[in-house]
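# My questions are about this predicted structure, shown below with the sequence.
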Amino acid sequence: MEEDKQSKGYIRGDLIHTIFHNEAEQFSIAKINVLETNEAYSEKDIVIKGYFSSLQEGTSYYFFGIFEKHPRFGMQYKVTSYKTFIPDTKDGLIAYLSSDLFYGIGTKTAEKIVNQLGENAISKIMDDEEALSEVNGIKKESAKSLRKTLQENQGFEHVAVYLANYNIGLKMAQKIYQYYKDEAIALIEEDPYRFVFDIEGFGFRTADEIAAQMGISTTHANRIGAGCVYTLQRSVQDGHVYLPVSECVSLVDQLLASPELTETIITDRLVALNGDKSLIIQDGNVYLPSLYYAEDGFGTHLKRVLTKPIEQRTPMAELMKIIGEIEETEILSYGKEQFTAINQSIHSKLMILTGGPGTGKTTVIKGILNAFATIHQLSLDPKDYDNMDEFPFILTAPTGRAAKRLTESTNLPAKTIHRLLGWDGISGFDKNEDEPLTGKFLIVDEFSMVDIWLANQLFKAIPDDMQVLIVGDEDQLPSVGPGQVLSDLLKTERIPFVRLTEVYRQKEGSKIIQLAHQIKNEEVIDLQNDQDFSFISCNEQQMVDVIIKIFTRAVDKGFDVRKVQVLAPMYRSQAGITKLNQELQAILNPKTDQKREVKTQDGLFRKGDKVIQLINQPEDGVYNGDIGEVVAIFREEENIDQVEQLVIAYDDKEVVYERKDYRNIMLAYCISIHKSQGSEFPIVILPVVRTYRRMLRKNLLYTAITRSKQSLVICGEEQAFIQGVGMIDTNRRYTSLNKNLKMKLDDQVIDNAYESEEDNLSPYDFM
Ligand SMILES: Nc1ncnc2c1ncn2[C@@H]1O[C@H](COP(=O)(O)OP(=O)(O)OP(=O)(O)O)[C@@H](O)[C@H]1O
């Protein structure tokens, strides 16, 4: 302690009151009395902030940290570690032990403890369970509770102070403490590399630095093991489900950079990790266990759902009659592929419907719903059911906006997959094989965005007798998370699928759709202006002005600018998302005396700003990609919680954000193409310049342009666009779902009444 006080800045103080406390993150802002300090600070109190498990009133603490000047709240002390002040005099120690903190210990007992155990009483009690049994007259219960309180209060601090020596901040210390509790220090001393395995976000480099300070050899088995796990964790960020052993070994070799290590030594280590199931090796590929089991589990559940036969079969003549009636009501005539899709889906336990924009996926979904409802004599009106749990149709999509679009196009309730499965953000999913979904027909839209983890969670919860329709466009970007589930499923050719190729919207003269199909089919690209499309030539420096001009013109014409969305591939650059957002904010929502604003690390939010949610926040019902508007800003003195608040209105709800949540949102005048997946906008502006080169790919640009419903403006360099769409993504994701499914389904007869019984009949065969 003395050593810490000499080498670090500290403030000793006791709590006046807590201003803010986040239980989940254990983050607090508090006002304290300054009792003693070695910092150049002479005020009587100060606001401190940091990650504390709990600060008790009446207890004094040493806070180690640095001063920070907050633009509005003034001087604050940012705490990097802290420790309860335990008086080192006999009287002080007696006063501490007899304080309210320790239930059942009065002055007399406290005196006895100090007399018996000496001035080191606290550490003796902490280190030795039996220490208090030496003290006469102390009740067993009181002794137990005293030790427990000490551990609770001191355990974390002890760990945090220790980890601070290795430059590990309080936030990471909290995570480590929550996982290992009081064993944290012993475990880090035994093997600092274990944190790479157990603690999310604990990097290999940090473990390596700690190990180096401890003098652990660079060829130590634990180091090689952690290097392997870390390499696989990083590959997940590129979408891989596994790495081939040889590739993994060479990446680990580069990471460890120790001349004494050979590829054989690393391979041996991988084999040993496979032995204790820390990693899984199969067919020359190495997996993180969570991915191996997700892929395997998904395959197993998919097979279970797929191979359970359908009970009710509909003769072709009857189905044709039903479809004919639907055509009359909908005033259209299904194309051959569309008819096949409806017929096949009705007769398949599980079917995939794929196709580009405007090929009628939504039209077919509606046809399938209507046909299924008629065949099974079910009402499609939720009001006809006593409660939603009985409604037999489940419609779901990976994002809030995609679910909303599904609702709009079908007039039926749709939820995000996370909500459907009862994900609460903390303890996981409510729905699983023991608590499955209820219903008869499940439609999952925008399936290209579903990663292997979510696919497994979803399929676990599908009961055997539920019929399933998967819908998605295989040419869109793959999921952000690992895997390429949709394209792997299509590749197996063991699962019934229908690919819609005939474009209907083009018949209405859509250049956007034409362009999408030119990209999809790798045809010559035609960028001639048309009714719903324009190309504006400009360079990177002119980009901001060009986009602002388009917006200003739209505003002048009385157009609702909320319908216009700029999409760009990258954040940094002259024409990147960050810069475009700043410039567009200034033009579209300029500063005025009436409009409140709050400063953030990267800029500011102003009342009226368009913003996007960046992570799933199920407790508030907002999800990654939801777009909203700042409708109010409250100062801390204006609400009972005494904290600044930002209120954001989404389509159907308002969500309150406090300062610590601001990192979960950003301006959304321009958003990334990745974030736009699953959403559609009336008008899209798409800047494309050479600077984006690294990012430009066929499926990225295809995803971007297919987001626009009415009008598309591409601005930038034609050559960059043409080259971009010519870049077919060769960075193949390593996944084994395709092979895995082929094996699982190899000797399975897929019960597909459509193919087996009716010999592929369609109305066209009768024409
Ligand atoms: N058989 C048909 N006859 C006439 N019009 C059709 C037919 N099928 C689809 N359409 C029309 O084509 C347009 C596109 O269809 P739909 O929205 O179903 O396609 P989609 O594949 O879902 O497109 P996107 O993915 O772009 O939303 C709609 O206006 C729809 O009414």
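Happy to help now that I have it. Residues are numbered from 1 along each chain as shown.

# drop to CA atoms for contacts and neighbour counts, all remaining ones
Will do.

# correct me, but residue 477 touches residue 450?
No: the pair residue 477 / residue 450 is not scored as a contact, 10.8 Å apart, by C-alpha atoms under 8 Å.

# So which of these two has more stuff around it?
residue 450 (27 against 22; other C-alpha atoms under 10 Å).

# Where does the stretch 101-250 of the chain get nearest to the ligand, residue-wise?
Of all residues in the stretch 101-250 of the chain, residue 239 sits closest to the ligand, at 24.3 Å by C-alpha to the nearest ligand atom.

# quick one, what contacts that residue?
For residue 239, the contacting residues are 479-484, 733-734, by C-alpha atoms under 8 Å, 6 or more residues apart in numbering.

# Helix, strand, or coil at it?
At residue 239, secondary structure determined by DSSP: H, G, I helix; E, B strand; the rest coil is coil.

# Quick check: phi and psi on it?
Dihedral pair for residue 239: phi 90, psi 0, per degrees, to the nearest 10.

# How about the one 10 residues further on?
Backbone torsions for residue 249, taken as degrees, to the nearest 10, come to phi -60, psi -40.

# Can you tell me which residues in this protein are near the ligand?
The interface of the chain toward the ligand, taken as C-alpha under 6 Å from any ligand atom, is made up of 332-335, 357-363, 504-505.

# Pick the one among these closest to residue 22.
Nearest to residue 22, judged by C-alpha to C-alpha, of the residues of the chain next to the ligand is residue 362 at 43.4 Å.

# how many other residues sit next to residue 214?
Neighbour count for residue 214, taken as other C-alpha under 10 Å: 12.

# actually residue 217, not the one I typed
As a measure of burial, residue 217 has 11 neighbours, counting by other C-alpha under 10 Å.

# for residue 673, same thing?
21.

# Next secondary structure after the helix or strand where residue 699 lies?
Using DSSP states H and E, residue 699 maps to helix 698-705. Downstream of helix 698-705, the next assigned helix or strand under DSSP H and E is strand 708-716.

# Which residue in the residues of the chain next to the ligand has the weakest pLDDT?
Among those, residue 505 carries the weakest pLDDT, at 70.

# any chance you could map the helices in the stretch 651-767 of the chain?
Remark: helices assigned in the stretch 651-767 of the chain by DSSP state H, counting those that start in this stretch are 673-676, 698-705, 718-726, 737-744, 753-756.

# So which residues of the stretch 51-200 of the chain form strands?
In the stretch 51-200 of the chain, the strands defined using DSSP state E, counting those that start in this stretch lie at 60-70, 74-84.

# low-confidence ranges in the stretch 551-700 of the chain?
Scanning the stretch 551-700 of the chain for pLDDT under 70 picks out 639-641.

# from it, which residue is nearest to the ligand?
residue 680 (8.5 Å).

# Go ahead and confirm that residue touches residue 711.
No: in this structure residue 680 lies outside contact range of residue 711 using C-alpha under 8 Å: 11.2 Å.

# Mind naming the longest strand for the protein?
Longest strand of the chain, by residue count under DSSP state E: strand 10-22.

# picking up where we left off before, what's around the residue of the stretch 551-700 of the chain closest to the ligand, how many residues?
Neighbourhood size, residue 680 [other C-alpha under 10 Å]: 20.

# Doesn't residue 236 belong to a helix?
Yes: counting by three-state DSSP, residue 236 is part of a helix.

# ok so, going back, tell me which of the strands of the stretch 51-200 of the chain sits nearest to residue 21.
strand 74-84 (14.5 Å).

# who does that closest one pair up with?
Strands flanking strand 74-84 in the sheet, each with its direction: strand 45-51 (parallel), strand 60-70 (antiparallel) (DSSP bridges).

# Could I get the CA-only coordinates of it as PDB?
Once non-C-alpha atoms are left out, strand 74-84 reads as follows in PDB (Å, rounded to 0.1, in the frame of the first residue of the first chain):
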ATOM      1  CA  GLY A  74     -15.900  20.100 -14.600                       C
ATOM      2  CA  MET A  75     -13.100  18.300 -12.900                       C
ATOM      3  CA  GLN A  76     -13.500  14.500 -12.300                       C
ATOM      4  CA  TYR A  77     -11.300  11.800 -11.100                       C
ATOM      5  CA  LYS A  78     -11.200   8.800 -13.400                       C
ATOM      6  CA  VAL A  79     -10.400   5.800 -11.200                       C
ATOM      7  CA  THR A  80      -8.100   3.100 -12.500                       C
ATOM      8  CA  SER A  81      -7.900   1.100  -9.300                       C
ATOM      9  CA  TYR A  82      -9.100   1.400  -5.700                       C
ATOM     10  CA  LYS A  83      -8.700  -0.100  -2.300                       C
ATOM     11  CA  THR A  84     -10.600   0.100   1.000                       C
END
